[in-house]
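1. Provided below for reference: sequence and predicted model.
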Amino acid sequence: MGPSRPTAATDRNSETMTDADDPQPDGGTASQPEQESRELEDHPLEWDEPENNNLAPDERASVSRPAEKDDDPKLVTGRAKYTADYEKRFPDLAHASVVRSEIPHGYVTEIDASEAEAMDGVYAVLTPWSDDVPDSKYTSAGQSYPEPSPWDMNVLNEHVRYVGDPIAAIAAEDADTARAAAERVDVEYDEADYVLDPEEAYSEDAPQLFADDEVENEIVGHDYDRNRMSHIEGEIGDVDAALDSDDVHVHETEWETIRQSHAQIEKHTSLAYTDEDDRYVLVTSTQVPNHTRRQLAHLFDIPIRDVRVSKPRVGGGFGGKQAMVVEPIPLALSIAADRPVIYEATREEEFYAMRSRHPMKVRARTAITDDGSIEAIDLYALSNTGAYGSHGMTVAGNVGSKPMPLYSKVPNARFEADIVHTNTPQTGAMRGYGAPQGTLALEGHLDEVARDLGLDPIEFRQQNYMEVGDLDEIAGMMGGEGAERRIRSCGLDECIERGKEAIGWDDREQPDAEHRHRGIGMALSAQGTGVAGDELGAAQLMMNEDGSFHLHVGGVDIGTGADTAFVQIAAEVLGCDETDIVVKSADTDITPFDYGAYASSTTYISGMAVKKAAEDAKERILHWGSKLLEEPAANLETGDGEVYSEETDASVELEEIGYEAAYGHDEREHILGKGTHCTEESPPPFAAQFADVTVNEATGEFDVNKLVVAVDCGVAINPGMAEGQAEGANHMSYEMAVCEGITFDDDGQANVTSFDEYDWPTAAETPTIESILVETHEPTGPFGAKSVAEVPTNTVPPALSNAIRQAVGVRITDMPITAEKIRTALEDDG
């Protein structure tokens, strides 16, 4: 799997990297106290947080309370509006259909669309050579600017690289006519050799997907002669020397993960039209409205001001909509047909033409001393990015930068990855974003090390994992100078203890049948909270005359309950009821700028912007309360819909303040609060996963009796929603462990084209999942919060592999775990 690496030797001589000598500009070295002083200055343990950010549980009025999810009434009554619901507003709306490549690799030599164009009700047919189709290169990845993904895509393609690549697009009076017209488009190809396996694609004689002049914004480490989109690497210490030491045990394992579908209920849907001001408007199911606006402006060569992107309700994203997947097609058709156009992908297209999780092969190596100290961790990943490079480098980077920092006391660490193109559908962002692949490899590997050396698998981890006060240098290994982070909150010990108790770690009883064996496995995980130094959220809060509020926030709710969390944060600051706040999120014409919903950043980044906006408004509310109560603002506080004096108990209702501010005689003001937030911090949430399994050694069949995941997410803004996020993430993780995902035949055709064909656990097939929230306080987050939605996505595959290993003594390293693989391993072992 990929290139092998020689090893060298050295001994461990310090507990942490902070003890190493630091080269100075004058050629000297810094002493240990001088270096530690610098590190504390750059990454202080104490954080200067506002006094109101650290509230005891009994002081919280809205935060960490089970408030009703903001959109629940609309969802259960059918009043919630998704993108497809907007079609009723446009009587002249056209529907789009896309002609996609039927071959995995080649060149379109001719397109005969004459029959389609002659059909009644067809308004426009576009091909790669149409004037209304942009010929600029772009990336679909909805990420920061400049995008850390290559510009390697076209809206419609002459050079096709997978079965499903878009070739032509049609706008017609209804969906049936559009699909019928698409079937009448005749495409001729000059077929080329293709490659489906990433190891074969990386060989020197493999078919080449890209010529150098077919890619702009090329990414570090690219080598298109070998289909490599990027190569990344980072190292602290001297891994080769540690691996070659005579004083360590060296272990090596290899792991493989599946291509997993997001399987969101709402398909990719986008409606494009031109408004009365000749501006282009997209109503679209997206996680990244502002990134999509910028990308469309680039692609169509129009000013950003002339593009509006509005997100209605989103029926699931999980990263699949953290990309400009379909928006350019309805916009190009709308321009060509001179009318609104809606494009709703088919369920078949969702499986073979949209996005999926990157399948990977990951090699793990460690150097371990007799007493269980980890001297070195070395991870290498070979990632299949598919036909295009969207998110390819950043996802692969997280294979190392998320799980490895969990063991921050390890002095020598290295991560390398090759991101390789194949003639399969392009992959993209998906919940966990590389961390599930890396966590499987590292946590499965460490369990095997513990069993081989006779160490307790939990105590072995505890000896090496991070704790409060640690400087996490491994997180900065891939991020460059200054990307390290200080750990200010960590509930790992409590996560483990509560998880052990819930799963019955110390009380495992074996089944009566001799051929059935019970095992309990565990795995740990760390994630991130936003992207350090690369996020921005903003919010504005307006007070109405009656003391109610309108909250405009750029943060994107994709069904997670983010809007509810925003309201709870604002209500906690303002001292009002949640029902007095109306939230509007994610419309680029109306709401402030925000990077979007990804990287577990919404509550942490956008929520802090909301908190700042509420505090800004509160300052003016107290000013007006001071006028009405004739007391200094310093004596006043908000609560229960009032401004009250902490000195005299006098109070005035927010409604009276609202009217006085708007209609007062000597002074008037529209009370507005504004907040913007970005940070260099990305505090890790933690999870301890436990899996209880019973295995039939005669057949390999296994029953997962229970899954328990204990999560440290700081202070849960809404505990009920946080538990739902943890359980949903654990279900997705369970799917990754036991289901096949999306596979392809030898011709590059997807074997899965519908929910019926997709292998995922139904409710009846899903074991009991118990989620446990462990509260810590993260001083950099709003009211102590950090992320929760991704970290439980990482842990079921390694925990289940570890449980089976404990039960019957065999190790399954390639996902999915199946009875056949267990039976074969038992036969080979016996």
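-> The structure has been received and is ready for your questions.

2. now the strands for the stretch 101-250 of the chain?
-> For the stretch 101-250 of the chain, the strands defined by DSSP state E, counting those that start in this stretch cover 106-112, 122-126, 159-160, 166-172, 186-191, 228-236, 249-256.

3. Out of those strands, which is closest to residue 621?
-> Residue 621 lies closest to strand 228-236 among the strands of the stretch 101-250 of the chain, at 48.3 Å (Cβ to Cβ). In this view, the C-beta of every residue, glycine as well, is placed from N, C-alpha and C.

4. what's the average pLDDT for that closest one?
-> Across strand 228-236, pLDDT averages out at 96.

5. contacts for that strand?
-> 17, 150, 152, 202, 219-223, 385, 389, 392-393, 396-397, 400, 411-421, 473-474, 477-478 (Cβ atoms under 8 Å, 6 or more residues apart in numbering).

6. Buried ones from these, can you make that a PyMOL selection?
-> Buried residues within the contacts of strand 228-236, by 16 or more other Cβ atoms under 10 Å, are selected in PyMOL with:
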select buried, resi 17+150+152+202+219+221+222+385+389+392+393+396+397+400+411+412+413+414+415+416+417+418+419+420+421+473+474+477+478
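
7. now, of the strands of the stretch 101-250 of the chain, which is deepest in the fold?
-> Stretch with highest mean neighbour count among the strands of the stretch 101-250 of the chain: strand 166-172 (a mean of 27; mean count of other Cβ atoms under 10 Å).

8. Who does that strand pair with, and is each partner parallel or antiparallel?
-> Using DSSP bridges, the strands paired with strand 166-172 are strand 94-100 (antiparallel), strand 122-126 (antiparallel).

9. Show me where the stretch 551-700 of the chain has its helices.
-> Ranges of helices within the stretch 551-700 of the chain are 562-574, 607-629, 654-663, based on DSSP state H, counting those that start in this stretch.

10. Might you calculate how far the second one sits from the centre of the chain?
-> Centroid displacement of helix 607-629 relative to its chain, using Cα atoms, centre = their mean, to the nearest Å, is 33 Å.

11. if we can go back for a sec, and of the strands paired with strand 166-172, who's closest to residue 227?
-> Using Cβ to Cβ, the nearest of those to residue 227 is strand 94-100, at 21.8 Å.

12. wouldn't residue 670 be in contact with residue 542 here?
-> Yes: if you go by Cβ atoms under 8 Å, residue 670 and residue 542 touch, sitting 7.1 Å apart.

13. More neighbours: these two, which one.
-> Remark: of residue 670 and residue 542, residue 542 carries more neighbours, 16 against 12, as counted by other Cβ atoms under 10 Å.

14. which regions of this protein lie under the pLDDT threshold?
-> Scanning the chain with the threshold set as pLDDT under 70 gives 1-40, 479-482.

15. what's the domain layout of the chain?
-> As assigned by automatic domain parsing, the chain contains the domains 488-527+683-830, 536-677.

16. Same list (those) but as TSV, adding distance to residue 104.
-> Listed next are those as TSV, based on distance: least, Cβ to Cβ, whole Å:
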stretch	distance to residue 104
domain 488-527+683-830	3
domain 536-677	30
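
17. Quick check: which of those is nearest to residue 144?
-> The closest of these to residue 144 is domain 536-677. By Cβ to Cβ, the value is 6.6 Å.

18. Distance to residue 724 for the strands of the stretch 101-250 of the chain - can I get that in TSV?
-> Formatted as TSV, those follow (distance: least, Cβ to Cβ, whole Å):
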stretch	distance to residue 724
strand 106-112	46
strand 122-126	42
strand 159-160	41
strand 166-172	36
strand 186-191	45
strand 228-236	34
strand 249-256	29
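
19. which one of those strands lies closest to residue 214?
-> strand 159-160 (7.0 Å).

20. Check which helices and strands that closest one is in contact with.
-> strand 106-112 (3 or more Cβ pairs under 8 Å, 6 or more residues apart in numbering; DSSP states H and E).

21. List the strands paired with the strand it packs on, with their directions.
-> Strand pairing (DSSP bridges) places strand 106-112 next to strand 159-160 (antiparallel), strand 186-191 (antiparallel).

22. could those go into TSV alongside distance to residue 51?
-> Formatted as TSV, the strands paired with strand 106-112 follow (distance: least, Cβ to Cβ, whole Å):
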stretch	distance to residue 51
strand 159-160	60
strand 186-191	66
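
23. which one of those strands lies closest to residue 721?
-> Proximity to residue 721 (Cβ to Cβ) singles out strand 159-160 among the strands paired with strand 106-112, at 42.5 Å.

24. on that earlier part again, most tightly surrounded among the helices of the stretch 551-700 of the chain?
-> helix 562-574 (a mean of 27).

25. picking up where we left off before, can you list the strands paired with strand 166-172 in a markdown table and add distance to residue 146?
-> A markdown table is the format used below for these (distance: least, Cβ to Cβ, whole Å):
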| stretch | distance to residue 146 |
| --- | --- |
| strand 94-100 | 28 |
| strand 122-126 | 28 |
